[in-house]
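Participant: kindly return the folded structure for what I paste below:
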Amino acid sequence: MPREITRLRDLSKQQVRAGFAAWLGWMFDGLDMHLYTLVATPFVASLMQLSTLDPQVDHKASIIQAAFLVGWALGGAFFGRVGDLLGRRKALVLTILTYACCTGLSAIAQTWWQLMIFRFLAALGIGGEWAVGASLLVETWPKAWRPWMAATLQCAVNIGVLLACFAGLFFEGDRSNRYIFLVGILPALITLWIRRAVPETEEWERAQGDAPPPRVRELFGPKVWGITWRSLLICGMALTAHWAFMFWQQKHIRTLPEIATLDATAKNHAAIVALFWIMIGSLLGNFLCGWLAKRIGYRKAIALALAAYFGFMFFTFGWSWGYVATLRWWFVIGLAQGVFGLFTMCLPPLFPTLLRTTGAGFCYNFGRIIAAGGTVYFGLTAAGQVGGYGTALYYAGFLFLPAALFALMLPEEKETDNEVNLVAD
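Facilitator: Below is the predicted model:
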């Protein structure tokens with residue numbers, strides 16, 4: 001019988017390496033993910049040779065972001081399947097190489113549609129890395145540690161976003177909007193270490209020998225369908241509201257009365273500082289949500305955090321606030337964003353081993369296809385009809401309420417020594 005692991009020093013070398021590989025992959029996810037959101041408006045304007053105030057700029061910038069979210073969803077499904085067929089380690093290497101190289105290629109884009117293609121391709125790897133990295137840790141680290149693992153992994157994303165903020169501060173200036181994407185190539189270097197040092201998981205290797213891998217359509221079969229549709233609904237609604245906020249919040253900051261009159265460099269600086277405050281809140285929120293999951297279970301913790309996200313959006317955009325007050329609300333909203341770390345450890349164990357990265361990747365990332373439409377809708381159609389980005393984001397926040405209700409319908413994982421039983425008590 002394997003000895004109980006209660007301390008970090010009890011972990012094996014293989015477990016430490018697997019954890020570090022997943023953490024690095026997620027950190028660079030966050031970096032490559034948000035380089036574009038920092039410079040979207042000025043960079044797209046320069047590619048189109050238009051003023052940043054021209055409505056066409058926002059339209060094309062939102063289409064690029066929508067393509068990114070669609071690519072994220074497709075990458076989660078595609079590389080999730082690769083992870084189930086070829087193994088977690090090989091798939092992790094492929095996902096990191098994909099998003100690193102394609103983020104770097106964004107620096108050579110000459111038109112807005114070229115930038116859209118590069119962002120779409122980069123998103124394939126980012127979406128795939130989520131499912132593969134999560135399954136790698138689920139299968140190598142102790143089950144009792146999962147809430148804290150979820151918080152630590154999500155913190156890696158936040159640290160990656162903070163690195164993007166620092167890159168944005170370093171590359172301030174109109175010409176540097178292009179060069180900032182070269183920072184995104186750095187993650188490719190860690191794949192050399194992963195190939196050499198990170199072993200394949202024993203659980204995946206055992207499952208490979210026991211039976212042929214299930215087909216993708218089994219996600220919609222009688223044994224798994226209940227998990228699939230609930231996860232799809234929760235992720236679809238929550239990610240739509242979340243990404244509407246994460247993309248258009250920088251536009252809201254730029255249109256605040258005290259920011260709108262500043263020059264382009266000062267506006268960029270204000271947007272970077274705002275994102276910094278969101279990430280600081282999110283870093284704390286990851287561990288707050290992890291603590292909640294440990295105390296009351298994933299299901300209730302996810303529902304509570306999503307309801308809190310709604311409440312914070314309601315008060316933030318239901319009233320007018322100045323720049324400094326808005327930064328405080330950005331921090332509070334960041335606290336609620338810790339909920340997305342819980343999906344990391346909650347979803348993969350709900351699916352069979354050889355359908356794990358496929359199921360978790362498909363369900364979580366499919367929500368980004370819906371979010372892609374939401375990014376365009378709330379940023380353009382809603383903003384034009386209801387009077388500004390703040391009002392559009394106010395209505396977007398209401399999507400967190402049904403997402404919280406559906407979260408209460410998730411099964412709760414009950415662990416025994418020999419198996420994981422799923423019950424909907």
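
Participant: buried residues in the helix or strand hosting residue 286, which are they?
Facilitator: Using DSSP states H and E, the element containing residue 286 is helix 264-296. Neighbour counts using 16 or more other CB atoms under 10 Å place 264, 267-290, 292-294 of helix 264-296 among the buried residues. (Each C-beta comes from the backbone N, C-alpha and C, glycine too.)

Participant: can you check stretch 146-155 too?
Facilitator: Buried-residue list, stretch 146-155, by 16+ other CB under 10 Å: 146-155.

Participant: same list (those residues) but as CSV, adding pLDDT.
Facilitator: Formatted as CSV, those follow (pLDDT from 0 to 100):
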residue, pLDDT
146, 72
147, 76
148, 76
149, 76
150, 74
151, 79
152, 81
153, 78
154, 78
155, 83
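
Participant: those residues in strands, which ones?
Facilitator: The strands, defined by DSSP state E, take in nothing from these.

Participant: and of those, the nearest to residue 25?
Facilitator: residue 153 (9.3 Å; CB to CB).

Participant: ok, that closest one - contacts?
Facilitator: 22-23, 26, 133-134, 137, 341, 344 (CB atoms under 8 Å, 6 or more residues apart in numbering).

Participant: for residue 410, same thing?
Facilitator: Contacts of residue 410 by CB under 8 Å, 6+ apart are 227, 230-231, 234, 298-299, 302, 346, 350, 424.

Participant: PyMOL command to pick out the buried ones of those?
Facilitator: Buried residues among those (16+ other CB under 10 Å), as a PyMOL selection:
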select buried, resi 227+230+231+234+298+299+302+346+350
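
Participant: of the contacts of residue 410, the lowest pLDDT goes to which?
Facilitator: Confidence by pLDDT is poorest for residue 424 among these, given 35.

Participant: just the buried members of the contacts of residue 153?
Facilitator: 22-23, 26, 133-134, 137, 341, 344.

Participant: tell me which of these fall in helices.
Facilitator: 22-23, 26, 133-134, 137, 341, 344 (DSSP state H).

Participant: switch the buried ones among the contacts of residue 153 over to TSV; also include distance to residue 40.
Facilitator: Formatted as TSV, the buried ones among the contacts of residue 153 follow (distance: CB to CB, whole Å):
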residue	distance to residue 40
22	28
23	27
26	22
133	26
134	28
137	32
341	25
344	26
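
Participant: nearest to residue 82 among the residues you listed?
Facilitator: The shortest gap between residue 82 and any of the buried ones among the contacts of residue 153 belongs to residue 133, at 13.2 Å (CB to CB).

Participant: and the closest one, what's its pLDDT?
Facilitator: Looking at residue 133, its pLDDT is 77.

Participant: cool, and residue 62?
Facilitator: pLDDT at residue 62 comes out at 81.

Participant: buried ones in the helix or strand in which it is found?
Facilitator: Using DSSP H and E, residue 62 sits in helix 55-86. Residues of helix 55-86 classed as buried by neighbour count (16+ other CB under 10 Å): 57-58, 60-84.

Participant: hang on, the earlier thing: out of the buried residues of stretch 146-155, flag the one nearest to residue 318.
Facilitator: residue 154 (27.3 Å).

Participant: isn't the closest one right up against residue 282?
Facilitator: Yes. Contact criterion CB atoms under 8 Å: residue 154 and residue 282 qualify, at 7.4 Å.

Participant: what touches both of these two?
Facilitator: Common neighbours of residue 154 and residue 282 (CB under 8 Å, 6+ apart) are residue 338.

Participant: distance check, residue 82 against residue 206.
Facilitator: Separation of residue 82 from residue 206 (CB to CB, to the nearest Å) stands at 19 Å.

Participant: which one is residue 202 nearest to, not counting chain neighbours?
Facilitator: residue 139 (7.6 Å; CB to CB, 6 or more residues apart in numbering).

Participant: which residues touch that neighbour?
Facilitator: Contacts of residue 139 (CB under 8 Å, 6+ apart): 88, 201-204, 353, 356.

Participant: all helices for the stretch 201-350 of the chain, in order.
Facilitator: 202-210, 225-254, 257-260, 264-296, 298-318, 323-336, 339-346 (DSSP state H, counting those that start in this stretch).

Participant: mind putting those helices in JSON lines, distance to residue 190 included?
Facilitator: Output for the helices of the stretch 201-350 of the chain, formatted as JSON lines (distance: least, CB to CB, whole Å):
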{"stretch": "helix 202-210", "distance to residue 190": "21"}
{"stretch": "helix 225-254", "distance to residue 190": "25"}
{"stretch": "helix 257-260", "distance to residue 190": "37"}
{"stretch": "helix 264-296", "distance to residue 190": "21"}
{"stretch": "helix 298-318", "distance to residue 190": "29"}
{"stretch": "helix 323-336", "distance to residue 190": "27"}
{"stretch": "helix 339-346", "distance to residue 190": "19"}
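
Participant: for those helices, which one sits closest to residue 94?
Facilitator: Among those, helix 202-210 sits nearest to residue 94 (CB to CB), with 15.5 Å.

Participant: which of the helices of the stretch 201-350 of the chain sits closest to residue 121?
Facilitator: So among these, helix 225-254 is nearest, using CB to CB, at 18.7 Å.

Participant: report the mean per-residue pLDDT for the helix holding residue 286.
Facilitator: 89.

Participant: which other helices and strands contact it?
Facilitator: With contacts defined as 3 or more CB pairs under 8 Å, 6 or more residues apart in numbering; DSSP states H and E, helix 264-296 has these neighbours: helix 13-48, helix 146-170, helix 225-254, helix 257-260, helix 298-318, helix 323-336, helix 339-346.

Participant: go again with 6 Å.
Facilitator: With contacts defined as 3 or more CB pairs under 6 Å, 6 or more residues apart in numbering; DSSP states H and E, helix 264-296 has these neighbours: helix 146-170, helix 225-254, helix 298-318, helix 323-336, helix 339-346.

Participant: just the ones you listed: most buried one?
Facilitator: helix 339-346 (a mean of 28; mean count of other CB atoms under 10 Å).

Participant: include distance to residue 106 when you put the buried residues of stretch 146-155 into JSON lines, please.
Facilitator: Shown next, in JSON lines, are the buried residues of stretch 146-155 (distance: CB to CB, whole Å):
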{"residue": "146", "distance to residue 106": "35"}
{"residue": "147", "distance to residue 106": "35"}
{"residue": "148", "distance to residue 106": "34"}
{"residue": "149", "distance to residue 106": "31"}
{"residue": "150", "distance to residue 106": "30"}
{"residue": "151", "distance to residue 106": "30"}
{"residue": "152", "distance to residue 106": "29"}
{"residue": "153", "distance to residue 106": "25"}
{"residue": "154", "distance to residue 106": "25"}
{"residue": "155", "distance to residue 106": "26"}
